Each structure stands twice: as structure tokens, then as C-alpha cells.
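Q: everything below, folded, please.
(4 chains)
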There are 2 protein chains.
Amino acid sequence: MPTSEDETGPIYRVIADKLRKSIITGELVDGQRVPGENELMRRYGVARATARQALRTLIDEGIVTPVRGSGNFVRSFRPVRRHAPKRLSAELWGRGRPIWDADAGDRTVEVDNVSVREVRPPEHVARALDLPESATTVRRQRRYLVDNRPLQLATSYLPAELARGDGAVLTAVDTGPGGIYARLDELGSAPAHFTEELRVRMPGPHEAEALSLAPGTPVIEVVRTALTAHQQAVELNEMVLDGSAHVLAYDFDA
Amino acid sequence: MPTSEDETGPIYRVIADKLRKSIITGELVDGQRVPGENELMRRYGVARATARQALRTLIDEGIVTPVRGSGNFVRSFRPVRRHAPKRLSAELWGRGRPIWDADAGDRTVEVDNVSVREVRPPEHVARALDLPESATTVRRQRRYLVDNRPLQLATSYLPAELARGDGAVLTAVDTGPGGIYARLDELGSAPAHFTEELRVRMPGPHEAEALSLAPGTPVIEVVRTALTAHQQAVELNEMVLDGSAHVLAYDFDA
DNA sequence: CAGTGGTCTAGACCACACA
DNA sequence: GTGTGGTCTAGACCACTGT
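A: Just a heads-up that it's a prediction; the model follows:
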């Protein structure tokens, strides 16, 4: 009698369903502990692996987070709203303000793990920037933290040619007021149009580590291309966002 | 000797890392079978649960899909590109063409599980549409399939008031050429602006079922508000997309 | 039919959290 | 120290796939 399916499906599913229900109905609140493995074993008379699988289901759905030595907890959700069109308006960086001001509110924003190098671009980057075979790019990598929580990894590529004679600016770790876009403006290559492409997937182990992602958290991959008024691509920025921490907003006309 | 960690971390992680590597380097190609549980048990001398956990890791990362009775396979990834600004241009629906033509290419597009009802809107919908307490809405639900694969669920709400006297049109299952936006145009409420809000999360069991999602597949929740030229909200559309099957594109100016 | 993944049991040792 | 989740073993029966 102790195997696979009865009429209602696998046991672990039944248990997971009950737990999910008590979370959705608000019986179990944000941050509250859910019944642990031992408790589920007692309550439903199942083996440990089965209780575990029930919890695993909820973890995979991203509604519960396990904490070693302590228990499983209902996950809270307070995303950052990221409104790309507003963030990247020239009004903002034109006045020398960092673009993150646009959506961070009164949260603290920090930048981390900065690395700037001149590199041969990957093939898809060279194509996007319309660069010849031999060209090199300035690659800028960094990590953003909001309220001390890592939320985003970013790697951007700029044609090294743009930096000729003024290379120190684009290559500097600190890009100064208004950031890289203000510098591009001063070089006569102000971004005028942007396109963003979004993909969604589960993180690899490196990304899960760098963003401190709980199991069951997807990431959003954003690839942004910045174009001048003459449709010249001047930057390609590949970002990886913690999916549980973001709401992305866009607007456009019919 | 057969417990938890050695210097390189848990055994299942080591196994998962090797498998992942052979997928990324192209040793194992799209759609190809990866070594099964029995093979991993033999090759690494581990118990079944351990081999299983290694495979589970890759499944959770969305790069492998299990098939009952057959094996685990490298997952292929051929997303639909969804360019919202183009899809929703008035040129398109203004000519009576269905908006899905914009990005589906030569794939077949079908609509499924259509349900149209007049309902009291949920609280957040009433707020978004700026409706009084007592107002009702027309709710349209459906599922989209591309090449026979379910890709998207959609639920849209329109103020029932808009349909007064011409209710049969907005309430019809088939909205006719150009879809609902063309009908709104005829009623003098043509959408002029759109805003979209995107969230990412793992699906609940109902969504996983309706979209035939493999384990490890996140969904994208898109909430779109359609506004007239006078900033009047005339539709709110809540969509749930198969995250592994979509690339979303947006563009905007600085 | 043999082989595969899906589910389940009944144990075990470990690192970590908390009182 | 007790309880928690993390990892692991060694079995078992099941439904399903493919030959």
C-alpha cells in the first residue's frame, strides 16, 4: 500500500497542495515557518524522503525558502520596480544623476566587483555593435546591490574605438556623474534610442552564487542596445536580474 | 566514506557539473539523451537517489527535460520573439489583421479554451481601470497555441459600460477582424498608449498543466494596460507566458 | 520484454541554528 | 544538546517507452 498513486495523485503532491493552499489563503504568512520534515512525517505517516519531496515542490515553485538548521519559511516578495524608459531618459543622465535614482526610491544602491578590460568581443556582441572582425571593445562588468542585497549583474561592451584619445574616461572604474551615457554624450555619441530583449531562465550555479539566489528563483536576462540618433550602436549591455526582486515596466504607443 | 562533502562539494553537484559542462561545450547536443540514472550509478558508484539528485539539478536549471520510460534529454530552445510595440501598432489592428501575425512568422497560431463572462472585477483590476465600486467588467480568457504548443494564457478585463448597447460585440467569442482593439476603436475608445509590467516566477501546478511546462520552466507574467488618447484605461490584460519559449523585445528613446 | 524514470520506505551521518 | 535541513545508501514497486 505504500507506493505511488492513489486516486488523488502522489502523496507528496497532496501534501504540497495542502501546504500551498495554507500559504495562498494567508493561513501562513510571509516569513513564517512552515511545518518541517519531521512534522510532516508524523502528520502524514510518510518517510522522510516523501516529506522532503513535498517541501521541495514548494521550494521549486519559489514560494518557500529553506534555511539550514532552522526550517522552511514562506518567502516574502518586495520587488524593485524598474521602469526602463524613465531610467534611461536623457533628462536624468543629462543632469549628471545616476540612473538608478529613478526607481530605487530611498533604498541604498551600491556597485560591486567592478572590472574594466579591453577585450575582443564575443561574436554576438560584435554583430550587435556592427564591428569589424579585428575590432576590440571595452568591457565593463559590475554587480549592483540594493539595500545590501545583490540584485543584478551587468556586463557592457563599448567599441574601443570610441575611447580613442579619451580612453581614460571610458576605461575608468568610476565613470563620473551621469555615468557612461553622460560620457558618451561628451564624446559626441549620446544614446538616443534603446532596445531591450528579455529572456527568462533558471540561473546557473555561478549566477545563483553571485546573486545569493534561493532555490526556485528564476533570473531575467536583459540585453540592451544603445543607439545614437544616427542609429549607430554604441553600447551593448547584458544584465542578469534576480527575477524574484524585480518588476519591469515598459510603455509605448499604438 | 559515503557521506556529504569532500573537498569539491557534494557528489551530486560534482556529477551535475560534469554533465552541465558537456552540454555547454556542445559534447551533448540539443535533444540528445544524457546518461541515465543507472549509467550514473555505475559510472560514479553512487546510490540511485544521488544519481537522481544530479539529474534533478539540471532539470531544475531548465537545461534537461526528463521523459518517462525513456531518459533525460538536452532541452532545445526555440523561442518566439514578441515585440510588443510592433504587435500593438495601430497600423496592424487598424487594418483588421490579428496582432499575432506580427511575430509568429509562418507558424500556426490557434486560440483555445475561450471563455467570456461578465464579472465583478478583482480589486486590483478595478483600481487599474479606475472603476467605481459597483462596476462590472467583461472578462475574456483564452489560451494561445503556436505550432500546437500552448505558449500563453491570457485574461483581459474591459469595463462593461463600454459595451452598453453594443454588448454583443465585446462579449462575442470571436471578436472579428483586428480583434478587440479594432472593436474598441469602433466604439470610440481606440487604445493609444500601453503600459506593460513584467514579473517572473515559477508556475503553480495549474499553470504548469495548462502550458504543458517541463519542470524547471519559469513563467513571465505580463500585465498590460491599454489607455485611450485621453488616458482612459479601457483594458487590462493579464498574461502568463511560457518563459522558455519567449524573447520579449521593447524599444524606447532617451 | 528489458530499461527508464517516478514514487516510496527505513535507515544513516553531517553541518548548522538556537536556546 | 536537541532539532533542523543537507546528503547519502540500499533496497522496493510502479507506469511508461521502446524493441
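Q: hang on, residue A:121 packs against residue A:135?
A: Yes: using CB atoms under 8 Å, residue A:121 makes contact with residue A:135 at a distance of 7.4 Å. All C-beta spots, glycine's among them, are computed from the backbone N, C-alpha and C.
Q: these two: which has the busier surroundings?
A: It is residue A:121, of residue A:121 and residue A:135, that has more neighbours when counted by other CB atoms under 10 Å in any protein chain shown, with 21 against 14.
Q: helix or strand for the more buried one, which one?
A: Using DSSP states H and E, residue A:121 falls within no helix or strand.
Q: same check on residue A:65?
A: Counting by DSSP H and E, the element that carries residue A:65 is strand A:64-67.
Q: who touches that strand?
A: Strand A:64-67 is contacted from outside by A:19, A:23, A:34, A:55, A:58-59, A:72-75, A:214-216, using CB atoms under 8 Å, 6 or more residues apart in numbering or on different chains.
Q: need these in a markdown table with secondary structure, can you?
A: Output for those, formatted as a markdown table (DSSP: H, G, I helix; E, B strand; the rest coil):
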| residue | secondary structure |
| --- | --- |
| A:19 | helix |
| A:23 | helix |
| A:34 | strand |
| A:55 | helix |
| A:58 | helix |
| A:59 | helix |
| A:72 | strand |
| A:73 | strand |
| A:74 | strand |
| A:75 | coil |
| A:214 | coil |
| A:215 | coil |
| A:216 | coil |
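Q: between the residues you listed, which sits nearest residue B:158?
A: For the contacts of strand A:64-67, the closest approach to residue B:158 (CB to CB) belongs to residue A:23, at 31.6 Å.
Q: what's the spacing between the closest one and chain B?
A: 11 Å (CB to the nearest CB, to the nearest Å).
Q: touching, that residue and residue A:34? I think so.
A: Yes: counting by CB under 8 Å, residue A:23 touches residue A:34, with 7.4 Å between them.
Q: overlap in contacts, the two.
A: Residues touching both residue A:23 and residue A:34 (CB under 8 Å, 6+ apart) are A:58, A:64, A:74.
Q: and those near DNA strand C, which?
A: Applying CB under 7 Å from any atom of the strand to those, one finds that nothing falls near DNA strand C.
Q: filter those residues down to the buried ones, ChimeraX style.
A: Buried subset of the shared contacts of residue A:23 and residue A:34, written as a ChimeraX selection, criterion 16 or more other CB atoms under 10 Å in any protein chain shown:
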select /A:58,64,74
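Q: nearest to chain B, of the shared contacts of residue A:23 and residue A:34?
A: Within these, the smallest distance to chain B is 9.8 Å, found for residue A:58 (CB to the nearest CB).
Q: state the distance from the residue lying closest to the closest one once chain neighbours are set aside to DNA strand C.
A: Spatial nearest neighbour of residue A:58, chain neighbours left out: residue A:64 (4.0 Å); criterion: CB to CB, 6 or more residues apart in numbering or on different chains. As for residue A:64, its distance to DNA strand C is 16 Å (criterion: CB to the nearest atom of the strand, to the nearest Å).
Q: which residues does residue A:64 bridge with?
A: Judged by DSSP bridges, the bridge partners of residue A:64 are residue A:74.
Q: with adjacent residues omitted, what lies nearest to residue A:62?
A: residue A:216 (3.9 Å).
Q: burial count for the one you found?
A: Residues lying near residue A:216 (other CB under 10 Å) number 24.
Q: show the pLDDT at it.
A: pLDDT, residue A:216: 89.
Q: isn't residue A:61 right next to residue A:214, touching?
A: No: judged on CB under 8 Å, residue A:61 makes no contact with residue A:214 at a distance of 11.6 Å.
Q: residue contacts, the residue of the stretch 101-250 of chain A found nearest DNA strand D?
A: Of the residues in the stretch 101-250 of chain A, the one nearest DNA strand D is residue A:215, at a distance of 7.6 Å by CB to the nearest atom of the strand. By CB under 8 Å, 6+ apart, the residues touching residue A:215 are A:59-60, A:65-66, B:60.
Q: need the phi and psi values for it.
A: The phi and psi values for residue A:215, taken as degrees, to the nearest 10, are phi -50, psi 140.
Q: looking at it, residue A:79 is touching residue B:198, isn't it?
A: No: Residue A:79 is beyond contact range of residue B:198, at 10.5 Å (criterion: CB under 8 Å).
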